[in-house]
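Engineer: Could you look at this predicted model? Sequence included:
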Amino acid sequence: MTKTIIESFKIKSVEPIKMTSRNQREEIIKTAHYNPFLIRAEDVLIDLLTDSGTSAMSSEQWAAMMRGDESYAGAQSFFRFESVVKEIFGFKHIIPTHQGRAAEKILFSIIGGKGKTIISNTHFDTTRANIEFTGAEAVDLVVPEGKIPSAIHPFKGNIDLQKLEETIKRIGPENIPLVMLTVTNNSGGGQPVSMANIHKAKGICERHNIPLFIDACRFAENAYFIKLREEGYANKKVYDIAREMFSYVDGCTMSAKKDGLANIGGFLALNNEEWATAARNLLILTEGFATYGGLAGRDLDAIAVGLREVLEEDYLKYRIRSITYFGEKLTAIGVPIFQPPGGHAIYIDAKAMLPHIPVEQYPGQALVAELFIEGGIRAVEIGSVMFGKKDQQTGELVPAQMELVRLALPRRVYTQSHVDYCVEIIENIWNRRNSIRGLKIIKEPPFLRHFTAHFEPVK
Ligand SMILES: *Cc1c(COP(=O)(O)O)cnc(C)c1O
């Protein structure tokens, strides 16, 4: 066995990176109001903003795109897509959408509303926003270890089963239309959920007659962690592990922009006939006909191939190893990161790294700005900018549980030397961390403020 785990692909098509100077980057981030979402992509050297829709497609996917059937209704592309999704995920009704949040919007429009509560390990930001938009409440019940960045635990994405039971009893099962498990738990450090946890959560939900769904965006990465870490799974195929995960639940929402290895797409998959009918009606209203759901036929074909490729074990081995490698290098320097490294990203604990910046001055956002200035790296804050709330009475910030900065690795895009470069940049920032200043918000929208808010350095 060799020590080096190589990228499980070779490069056929390349895209140049534009180099910039520190002075240029200081100007760029200022013009973007210190919000990475407002920077032009061409001004970024290493784009770790998200792993969503940023995957490099394979030659097989590009070939499949040429086979795309662009018929309005009943396209062959849909049936190829549907058969792969049915095979892996096992649900009766497969409803394509243009991305994950469209599936969420449709699902929660049907089952949400005032007085309802949706429980999760941790709702992703678009999931939470779509739930709250209907007037329903979104509750997060991740295990206590999942909230402590330094705690080592193999499945920090697990839902707290005792709290789940208690919460169902307290709120009343009639007010809980759905429980959801996010795998891997994106907003909680990309940490996996164990098979045992999925199975036991299903047991609790079943006793109370509540359907259990999976937010499946990173199902393959989660399945691989189960293989690596859960007893009894080391010799199982990741494909079979994925199928077992979904065999315990009643449906899922999926963003094919993650583990679909595609640049756009998603779906809602479920067994409940009544919900599926309502969902298809809404789909036609907002996304498109039931056999394309806001996607081109070629997109459906790219996803069909991507869903198979993402379960290939050599790919997953390379994928998980690159994140772990990044995490090990940062840990060796002393940079506090969410431990152990998750499946798609490294999360720096900005509160621990910049203790001199109070949460009201958004240490995570400040670090995001520094990463860009120092090395042209684009990252995203997952902390009080994203999840903080304003107290209705006092107008003061109710901070998020953690102040993290996420460095998400696009799939099959960057090589080891890109990662080594990022480590070097972060080490430079680490060495001058005490001089970093906080930021304040000067403009923000009512929902999902991190996408468009404007910031300014604190004097
Ligand atoms: C990305 C993501 C979504 C939303 O999917 P989009 O395709 O971006 O709309 C939902 N849940 C999780 C966990 C995600 O990572």
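Structural biologist: Done, it's in.
Engineer: List the buried residues in stretch 85-102.
Structural biologist: Judged by neighbour count using 16 or more other C-beta atoms under 10 Å, the buried positions of stretch 85-102 are 85, 88-91, 93-102. C-beta here means a position set from N, CA and C on the backbone, and glycine is covered the same way.
Engineer: Run the contact check for that stretch versus the ligand.
Structural biologist: Yes. Contact between stretch 85-102 and the ligand is present through 99, 100, 101 (criterion: C-beta under 6 Å from any ligand atom).
Engineer: Just the ones in strands from these, please.
Structural biologist: Per DSSP state E, strands hold no members of those.
Engineer: Just the closest of those residues to the ligand, please.
Structural biologist: Using C-beta to the nearest ligand atom, the shortest approach to the ligand within the residues of stretch 85-102 next to the ligand belongs to residue 100, at 2.4 Å.
Engineer: if I pick the closest one, what's in contact with it?
Structural biologist: Each residue near residue 100 by C-beta atoms under 8 Å, 6 or more residues apart in numbering is listed here: 126, 215, 217, 253, 254, 255, 256, 257, 258, 266.
Engineer: how deep is the nearest residue to residue 39 once chain neighbours are set aside tucked in, by neighbour count?
Structural biologist: For residue 39, ignoring the flanking residues on the chain, the nearest one in space by C-beta to C-beta, 6 or more residues apart in numbering is residue 32 at 4.5 Å. With neighbours defined by other C-beta atoms under 10 Å, the count for residue 32 comes to 18.
Engineer: Residue 32 reaches residue 44, doesn't it?
Structural biologist: No. Judged on C-beta atoms under 8 Å, residue 32 makes no contact with residue 44 at a distance of 10.6 Å.
Engineer: ok, residues contacting the helix or strand bottoming out on mean pLDDT in the chain?
Structural biologist: Counting by mean pLDDT, DSSP states H and E, the weakest-scoring helix or strand in the chain turns out to be strand 389-390, with a mean of 83. Contacts with strand 389-390, where a contact means C-beta under 8 Å, 6+ apart, come from 396, 397, 398.
Engineer: so what strands line up beside that strand?
Structural biologist: Looking at strand 389-390 with DSSP bridges, its paired strands and their directions are strand 397-398 (antiparallel).
Engineer: Now do the partner strand: everything it contacts.
Structural biologist: With contact meaning C-beta under 8 Å, 6+ apart, strand 397-398 is reached by 359, 360, 384, 388, 389, 390, 391.
Engineer: If we use 6 Å, what do you get?
Structural biologist: 360, 388, 389, 391 (C-beta atoms under 6 Å, 6 or more residues apart in numbering).
Engineer: same question, stretch 173-183
Structural biologist: Residues external to stretch 173-183 that are found in contact with it (C-beta under 6 Å, 6+ apart): 111, 116-122, 124, 193, 205, 208, 210-215, 219, 222.
Engineer: Give me the distance between residue 398 and the ligand.
Structural biologist: In this view, residue 398 and the ligand are 23 Å apart by C-beta to the nearest ligand atom, to the nearest Å.
Engineer: what about that residue, how many neighbours?
Structural biologist: As a burial measure, the neighbour count of residue 398 was computed by other C-beta under 10 Å and equals 13.
Engineer: On the strand side of things, show who it bridges to.
Structural biologist: Per DSSP bridges, the residues bridged to residue 398 are residue 389.
Engineer: Of all pairs in the contacts of residue 100, which one is the farthest apart?
Structural biologist: Using C-beta to C-beta, these span at most 14.5 Å, a distance reached by 126 and 256.
Engineer: from what I can see residue 408 touches residue 47, true?
Structural biologist: No. The pair residue 408 and residue 47 does not pass the contact test of C-beta atoms under 6 Å, sitting 9.2 Å apart.
Engineer: residue contacts, the residue in the stretch 201-350 of the chain that the ligand sits nearest to?
Structural biologist: Using C-beta to the nearest ligand atom, the closest approach of the stretch 201-350 of the chain to the ligand is made by residue 255 at 3.1 Å. Under the criterion of C-beta under 6 Å, 6+ apart, the contact list for residue 255 reads 99, 100, 217, 266.
Engineer: pLDDT score assigned to the nearest residue in space to residue 38 that is not next to it in sequence?
Structural biologist: Setting aside the residues directly before and after it, residue 38 is nearest to residue 32 in space (C-beta to C-beta, 6+ apart), at 3.9 Å. pLDDT recorded at residue 32 is 97.
Engineer: Residue 32 reaches residue 41, doesn't it?
Structural biologist: No. Counting by C-beta under 6 Å, residue 32 does not reach residue 41; the two are 11.6 Å apart.
Engineer: now, the most widely separated pair of the contacts of residue 255?
Structural biologist: So, the contacts of residue 255 by C-beta to C-beta: farthest apart are 99 and 217, at 10.1 Å.
Engineer: Close to the ligand: what parts of the stretch 301-450 of the chain are there?
Structural biologist: In this structure, the stretch 301-450 of the chain does not approach the ligand anywhere, judged by C-beta under 6 Å from any ligand atom.
Engineer: In the protein, where's the longest helix?
Structural biologist: When the chain is scanned for its longest helix (criterion: DSSP state H), the result is helix 313-333.
Engineer: Flag every buried residue along that one.
Structural biologist: 315-327, 329-330.
Engineer: Can you name the element that comes right after that helix?
Structural biologist: Scanning the chain past helix 313-333 towards its C-terminal end, the next helix or strand to appear is strand 345-349 (assignment: DSSP states H and E).
Engineer: who touches that next one?
Structural biologist: Applying C-beta under 6 Å, 6+ apart, the external contacts of strand 345-349 come out as 149, 189-190, 326-327, 336-338, 404-408.
Engineer: Next, the angle helix 313-333 makes with that strand.
Structural biologist: Relative orientation of strand 345-349 and helix 313-333, computed by axes from the mean of the first three to the mean of the last three C-alpha atoms, to 10 degrees: 20 degrees.
Engineer: what residues are up against the residue in the stretch 351-459 of the chain positioned nearest to the ligand?
Structural biologist: Proximity of the stretch 351-459 of the chain to the ligand (C-beta to the nearest ligand atom) peaks at residue 408, 9.4 Å away. The contact partners of residue 408, by C-beta under 6 Å, 6+ apart, come to 48, 50, 51, 344, 345.
Engineer: Same question for residue 384.
Structural biologist: Counting by C-beta under 6 Å, 6+ apart, residue 384 makes contact with 359, 399, 400.
Engineer: Wait, residue 212 touches residue 205, no?
Structural biologist: Yes. Applying C-beta under 6 Å as the test, residue 212 and residue 205 come out as touching, 4.4 Å apart.
Engineer: now do the same end-to-end measure for stretch 147-160.
Structural biologist: Using C-alpha to C-alpha, to the nearest Å, the end-to-end distance of stretch 147-160 comes out at 12 Å.
Engineer: List the buried residues for that stretch?
Structural biologist: Neighbour count says stretch 147-160 has 148, 149, 153, 154, 155, 156, 157, 158, 159, 160 buried, by 16+ other C-beta under 10 Å.
Engineer: isn't there a helix covering the third one?
Structural biologist: No. With the criterion set as DSSP: H, G, I helix; E, B strand; the rest coil, the secondary structure at residue 153 is coil rather than a helix.
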